[in-house]
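Student: coords below, sequence missing:
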């Protein structure tokens, strides 16, 4: 055996140590399952063995299945094959818990997903009392469910409601929380988990789980005649819908697996669990979520787009120009990453106000007990607020976050470049101004790059890194090193009006105003966005970003030759709202009214300004317009080379502007629909609503060849 | 088709459906038993002439399960040839039971029977029978299940009814019910309920609050806002995307009251009347049930009214009195609006908002109530109808003979 070692002591206790021969983490794999099955037979048949302790030779106890395997299942496995895949692992767990000898799981470190399901299949669980030793079943977050008995054992161990809370949130528990929740039986110091396991075995425990005792019935087995339990499921369904609409199949599948499973004997229940698992594994949503939010995200963070052959830069001092909301946020995350920050604004008071943002954020964390005062003080001490550009001396990088005005930015650039070292890079946090134009003010355009952070910087994970025409690969490598150091997810795009994220995001808000102009009821527009999976509707978004902003960008762009940054429909709505003094929430109210001490609601005057049509469209049509308008604009970005990879397109969509995660992103959405069907639907939408939906010759050619944006899973 | 006649009707008074209600100690089967006894004694009926007793009930489990009807038949000392049947169409159960007997008689397969309903809400739990429609995640999700109180608020939202509109309707229901009791308009049909010793334990609808005003109702808190905020509000918006926020106008004061009670109707063909020496009071002109959109759940009355009218070959203006169960004020307001019915012609003696709605019993109770009123006013035709759980509706048209 390569991944497992077994050692039986004189006391009759066999220690089964998990020690993955190929990776630093124990994971579920076909090989491992085979070895476990062989080990179980061996332990069962060895008369010298009276009890078993399972522990790990790694720092962590065990993680779950390899997500790369999971993501590959879609399009390759039939639903029945997926069921058998799940049942195979289930059978091993079942063999373990019915082998007739007590088995203890001695978790020396974290146990998540499949790793924790192994623990649940043991007769007793000891967990290291170490803050890193978290446990849980996070499968729901990747669009799956625990398919090796997790839903059934947990529900029988701690009750349906408590189990559903863990299964539906996928949250991990600290050792203390896990003990309280009764999902582990005992905590022991890290080094003593095996000893504690042995001590339990010495008490002569029964090797029969309670559900294998004849006559066992889960308290909720007759749930349909227990009104409180039945009603709990009614509410459970509503909560699932409230959280994710009708787009995410995992949570409903978990509810059903528990609901149906708890009424069945364990083996039938495990089979039903496997069936729901199989449905999820062969659904594109799980594939989409895993591919974008895990595989692509981790690859991007590990430097998928970083030019090779450039030495890694570790930043110790950076300058941030402009202490507004963005500058203040960038200063915060930089200082938090151990970097000294010179935070510059026009006067010291303004710069200090920017630093004050960090003080406020850390103050809250200290109050919550999430950070010590000492640590907060140490981070804050790294930020030097000033109005003196001379302080930028020695900065390896400068991030400019001043007002979005070419003139102001140019002046700031010149003042900074006069001081910073010759090899320092200059990054502009502009969200819309072309990097090429900004670089004109730079004496070293090869060292000039865009780093578009999202607001609020300390909470939004994405950074859109923008290459100007003259930006050197070394500059990109350094910028990506910085992004990695401040623990953000980068995408790399090429220069263009609005770059990638702002350019595509505009299609969302413009589609919203186009609908309003056509006479669609505003509540339908907002509800369509939410039903499609967007966190906020386009009208609410416009109130937040202000209507003046997109109008200004459109007007700035209008003068350029070959400009494609346009709005096809809805400009009249924006201009009318601005003219009425209702251009934003800041202005006191826009599409929404914001009454004091009450929730916002759609402004009653909208019906008068933009009369609603007697005939209202189907919601599916509105949802399609919002999704397709953005997806096809992303395809254009790829066609024009604004983005270079599908992964960047999808990461930007999901993390930049909240494109629904169930789609995996805009390009993944196209692949999910199927590129030929996508183009056909775009043709239909273009005919009904405008040219913005019209597929280009390039896209049509791809559709003809059946060439999507990711490799075809079937090949 | 054979003509189906109504020969008699009795009901219990309604007791508050709580432990302090007068009927709380009376098991559901005793309520039905006492009514069956009353039907027999009122006309010295030879019960061997009856084919079937059908009793509807919205929670047919526990003491209300096991075909309560047959148990009551035997308990009341009826001939043992009389069958028993339980029907469940949620709040339409009592009327559906009447329609069921009517169907048996009309087809010629039975001569006579008793249809009715019972619900001891103080002794069971609302939702006691649960069911896949609301509790099985796959089904509830697929059907956009939403509790019906939210549906009532949704009707108010879509139709634009204000809190004052629904409270105004509720206060009027109380006023009418008080007047009806003061004038003894229910006297012909009320059978006081007796306890184990044979003493009368309740002889009136004790749930009523005659002094209710729009102002006093205005102080009550919305009953269904909390449930909507648990997530059902989002379910509603997935189904009704034109809704931004649900206007929660319904309270305990303008929704039907939780009560205990029972009602039964004696039906038969002409031959039965002759054999039993009874004179028919009315004819069943038509009956119908229907489904409608299930998330809002409560809009079927309009559709079922039209279906019943069509079955009878009648038009709405030929109906003299309407009796629509007051499940929620908005249900009746919507019905009046869509059917263009004058408030003076509907629920003329108040309804479930004032007197209570013993779920499975109400249909049979209010059919009798409107028959009594037709006779009192010397009018001819009436439609009884109810909105029914999971988006259904049940109706019957009667005509005096």
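Tutor: Looks like it came in fine. Source: prediction; values computed, not measured.

Student: how about the helices in the stretch 451-600 of chain A?
Tutor: A:473-485, A:501-518, A:522-532, A:538-545, A:548-558, A:571-579 (DSSP state H, counting those that start in this stretch).

Student: hmm, the longest one touching chain B?
Tutor: Translated: helix A:501-518. No. Applying CB under 8 Å from any CB of the partner chain, one finds helix A:501-518 separated from chain B by no less than 12.0 Å. Quick note: C-beta positions are derived from backbone N, CA and C, even for glycine.

Student: run the angle between that helix and helix A:548-558 for me.
Tutor: 110 degrees (axes from the mean of the first three to the mean of the last three CA atoms, to 10 degrees).

Student: report the distance from helix A:501-518 to the chain centre.
Tutor: Relative to the chain's own centre, helix A:501-518 is displaced by 24 Å; criterion: CA atoms, centre = their mean, to the nearest Å.

Student: which of the helices of the stretch 451-600 of chain A has the lowest mean pLDDT?
Tutor: Comparing mean pLDDT across the helices of the stretch 451-600 of chain A, the weakest is helix A:548-558, with a mean of 90.

Student: quick one: distance of that helix to the chain centre.
Tutor: 31 Å.

Student: where's residue A:228, which helix or strand?
Tutor: helix A:227-244 (DSSP states H and E).

Student: near chain B, which residues of chain A?
Tutor: So chain A meets chain B at A:223-225, A:227, A:230-231, A:233-243, A:245-246, A:252, A:255-256, A:259, A:521-524, A:526-528, A:530-531, A:599, A:601-602, A:616, A:619, A:622 (CB under 8 Å from any CB).

Student: quick one: buried ones out of those residues?
Tutor: A:223-224, A:227, A:230-231, A:233-242, A:245-246, A:252, A:255-256, A:259, A:521-524, A:526-528, A:530-531, A:602, A:619, A:622 (16 or more other CB atoms under 10 Å in any protein chain shown).

Student: residue of the stretch 201-350 of chain B nearest chain A, please.
Tutor: residue B:231 (3.3 Å; CB to the nearest CB).

Student: burial of that residue, as a residue count?
Tutor: Residues near residue B:231, counting by other CB atoms under 10 Å in any protein chain shown, number 20.

Student: about what we covered before: got TSV for the helices of the stretch 451-600 of chain A, with distance to residue B:307 too?
Tutor: Converted to TSV, these look like this (distance: least, CB to CB, whole Å):
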stretch	distance to residue B:307
helix A:473-485	66
helix A:501-518	37
helix A:522-532	31
helix A:538-545	41
helix A:548-558	52
helix A:571-579	45
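
Student: residue B:24 is nearest to which of those?
Tutor: helix A:522-532 (44.7 Å; CB to CB).

Student: ok, now which ones touch residue 178?
Tutor: Using chain A. Contact analysis of residue A:178 by CB atoms under 8 Å, 6 or more residues apart in numbering or on different chains lists A:127, A:135, A:184.

Student: chain B, not that one
Tutor: Neighbours of residue B:178 in contact, by CB under 8 Å, 6+ apart: B:208, B:210, B:350, B:354.

Student: and those, which two are furthest apart?
Tutor: B:210 and B:350 (9.8 Å).

Student: higher neighbour count, the two?
Tutor: Using other CB under 10 Å as the criterion, residue B:210 and residue B:350 rank with residue B:350 on top: 25 against 13.

Student: isn't the residue of the stretch 201-350 of chain B closest to chain A up against residue A:234?
Tutor: No. Assessed by CB atoms under 8 Å, residue B:231 is found out of contact with residue A:234, at 9.8 Å.

Student: tell me the domain ranges of chain A?
Tutor: Following automatic domain parsing, one finds the domains of chain A at A:4-282, A:317-497, A:502-641+A:645-705.

Student: which residues does the residue nearest to residue A:634 when sequence neighbours are not counted contact?
Tutor: Among residues not flanking residue A:634 along the chain, residue A:666 sits closest, at 3.8 Å (CB to CB, 6 or more residues apart in numbering or on different chains). Shown in contact with residue A:666 (CB under 8 Å, 6+ apart): A:504, A:630-631, A:633-635, A:649-650, A:653, A:659.

Student: now, these that are in helices?
Tutor: A:504, A:630-631, A:633-635, A:649-650 (DSSP state H).

Student: as TSV, the residues you listed with neighbour count would be great.
Tutor: Below are the ones in helices among the contacts of residue A:666 laid out as TSV (neighbours: other CB atoms under 10 Å in any protein chain shown):
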residue	neighbour count
A:504	28
A:630	24
A:631	28
A:633	22
A:634	30
A:635	27
A:649	31
A:650	30
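
Student: report the two of these separated the most.
Tutor: A:633 and A:650 (13.6 Å).

Student: parallel or antiparallel, which strands does the helix or strand harbouring residue B:84 pair with?
Tutor: Using DSSP H and E, residue B:84 falls within strand B:83-87. Based on DSSP bridges, the pairing partners of strand B:83-87 within the sheet are strand B:52-56 (parallel).

Student: check the offset of the strand it pairs with from the chain's centre.
Tutor: 15 Å.

Student: quick check: buried residues in the helix or strand just after that strand?
Tutor: Where DSSP H and E defines the elements, the next helix or strand beyond strand B:52-56 is helix B:68-75. Within helix B:68-75, the residues that count as buried by 16+ other CB under 10 Å are B:68-73, B:75.

Student: re the thing from before, turn the domains of chain A into a markdown table, including distance to residue B:26.
Tutor: Putting those into a markdown table (distance: least, CB to CB, whole Å) gives the following:
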| stretch | distance to residue B:26 |
| --- | --- |
| domain A:4-282 | 22 |
| domain A:317-497 | 57 |
| domain A:502-641+A:645-705 | 47 |
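
Student: quick one: which of those is nearest residue B:371?
Tutor: Nearest of those (CB to CB): domain A:4-282, 35.4 Å.
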